[in-house]
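Chemist: below are the sequence and a predicted model; questions follow.
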Amino acid sequence: MDRFNQLAALRDSRLRGIDRMRAAIGAFGPVHRPLYNPFLKPHNKSSKERWSDEEWASATTIAQRIEADNRAQGESPLSRFADTHLVYRTQCGINPAKGLDRIADGYSFMVGYLDDKEIAGFIHAHPTVNQPNYNKIREHFGRYSGVIKHQTLQYLKLAVKLLIKHSGGKEAWSNASDDDIRVLLLALFDEFPLIISKKTFCHANKSVDFEGIWAGSTGLRTIYQRLCRTKFVHLAESTYLYCFRTHDRKKLDKVYNRHMKSNGIRSLQIGPIEEMPSRPTPASTQAAV
């Protein structure tokens, strides 16, 4: 890393430290922490539109237990995406097609929106892909990437809408600075980082070992915790800006497509996808026996 990038990374690290201090003491400007964390609620067609206080309290208790139990398990060795999915790319699902979906899920977390170049990079060596069906499979993953994006942004849109309502309302948010909003989002994420990582990036959860990432605070875990946190805050903040302040959904789509190339995420200096902590696959589990 050259001197300029070293200084930029140091600056971003210090800013993140300041944000986390403000989050810890509840310094959110005109907005305030809601009674319950809106990012705990599943925001999809099958979920209830409104929860009672009892349902919120129950969800909070369950989330607290899940987070505590995961930390109590300690730091078991992490598996790498290269060793679980890429080496066994022909066998990492219950069938080859499903295995390819799981590889795409992992790539979506590390890349963001999957364009033709990214899709070609992970389908070219798969035995189910050949010249006659290449275009069809490429189109499938183009649509699949759109589904991944839609589910993440829809979850964030509904959660942020609920957050605005219960943390001061529209007027308070319109008077809040970008820093106030970012720090509030950071505080809410840090309350339940495992749960919120899995809900925000629900497709990646099929491949990324979020439990392993949040089980401790050393080594590779720290790096990917920063990535989860930064991705969430960046996308949630952008959701507020483009869904509720400027009402520019097309701009939000563009932010999502490019979010892994944003300055905040690039400053984290995340390694290649091969190093990503990942869930075992049937083939990698069998090979380890």
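Modeler: On my side now, so go ahead.
Chemist: so the closest residue to L86 other than its chain neighbours, which of the three states?
Modeler: The shortest distance from L86 to any non-neighbouring residue, by Cβ to Cβ, 6 or more residues apart in numbering, is to E274 (6.5 Å). For glycine as for every other residue, the C-beta is placed from the backbone atoms N, C-alpha and C. Assigned with DSSP: H, G, I helix; E, B strand; the rest coil, E274 falls in the helix class.
Chemist: packing partners of whichever strand or helix holds Y144?
Modeler: If you go by DSSP states H and E, Y144 is part of helix 134-166. If contacts are counted by 3 or more Cβ pairs under 8 Å, 6 or more residues apart in numbering; DSSP states H and E, helix 134-166 sits against helix 96-111, helix 116-123, helix 193-200, helix 220-239, helix 249-258.
Chemist: next SSE after the last one?
Modeler: Towards the C-terminus, the helix or strand next in line after helix 249-258, according to DSSP H and E, is helix 263-266.
Chemist: which elements pack onto that following helix?
Modeler: helix 3-25, helix 220-239.
Chemist: OK, contacts around the residue nearest in space to the middle of the chain?
Modeler: The chain has F201 as the residue nearest its centroid, 4.2 Å off, counting by Cα atoms, centre = their mean. Neighbour list for F201: 108-109, 152, 208, 210, 228, 231 [criterion: Cβ atoms under 8 Å, 6 or more residues apart in numbering].
Chemist: ditto for I62
Modeler: Taking Cβ under 8 Å, 6+ apart as the definition, I62 has no contacts.
Chemist: circling back: now for the helices and strands packed on helix 134-166, which one comes closest to P77?
Modeler: helix 220-239 (10.3 Å; Cβ to Cβ).
Chemist: just for the protein, where's the confidence low?
Modeler: Residue ranges of the chain with pLDDT under 70: 1-27, 43-48, 87-99, 125, 282-289.
Chemist: rerun that using 90 as the cut-off
Modeler: In the predicted model, the chain carries pLDDT under 90 at residues 1-28, 42-50, 74-76, 81-104, 115-141, 217-219, 262-264, 266-267, 269, 280-289.
Chemist: hang on, the earlier thing: of the contacts of F201, closest to E118?
Modeler: Closest to E118, out of all of the contacts of F201 and judged by Cβ to Cβ, is S108, at 9.0 Å.
Chemist: that closest one contacts N205, doesn't it?
Modeler: No. Using Cβ atoms under 8 Å as the test, S108 is too far from N205 to be in contact (10.9 Å).
Chemist: neighbour count winner among these two?
Modeler: Shown here are S108 and N205; by other Cβ atoms under 10 Å, S108 has more neighbours (25 against 17).
Chemist: list the contacts of the more buried one.
Modeler: Counting by Cβ under 8 Å, 6+ apart, S108 has contacts 114, 145, 148, 201, 203-204.
Chemist: do that again at 10 Å, thanks
Modeler: Contacts for S108 (Cβ atoms under 10 Å, 6 or more residues apart in numbering) come out as 114, 118, 141, 144-145, 147-149, 152, 201, 203-204, 207-208, 260.
Chemist: list buried residues within those.
Modeler: Buried members of the contacts of S108, scored by 16 or more other Cβ atoms under 10 Å, are 114, 118, 141, 144-145, 148-149, 152, 201, 203-204, 207-208, 260.
Chemist: include distance to T84 when you put the residues you listed into a markdown table, please.
Modeler: Formatted as a markdown table, the buried ones among the contacts of S108 follow (distance: Cβ to Cβ, whole Å):
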| residue | distance to T84 |
| --- | --- |
| L114 | 19 |
| E118 | 19 |
| F141 | 20 |
| Y144 | 20 |
| S145 | 21 |
| I148 | 20 |
| K149 | 24 |
| T152 | 23 |
| F201 | 17 |
| H203 | 17 |
| A204 | 14 |
| S207 | 8 |
| V208 | 11 |
| M260 | 21 |
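Chemist: wait, D83 sits on E274?
Modeler: Yes. Using Cβ atoms under 10 Å, D83 is in contact with E274, at 8.5 Å.
Chemist: what do these two both touch?
Modeler: With Cβ under 10 Å, 6+ apart, D83 and E274 have no common neighbours.
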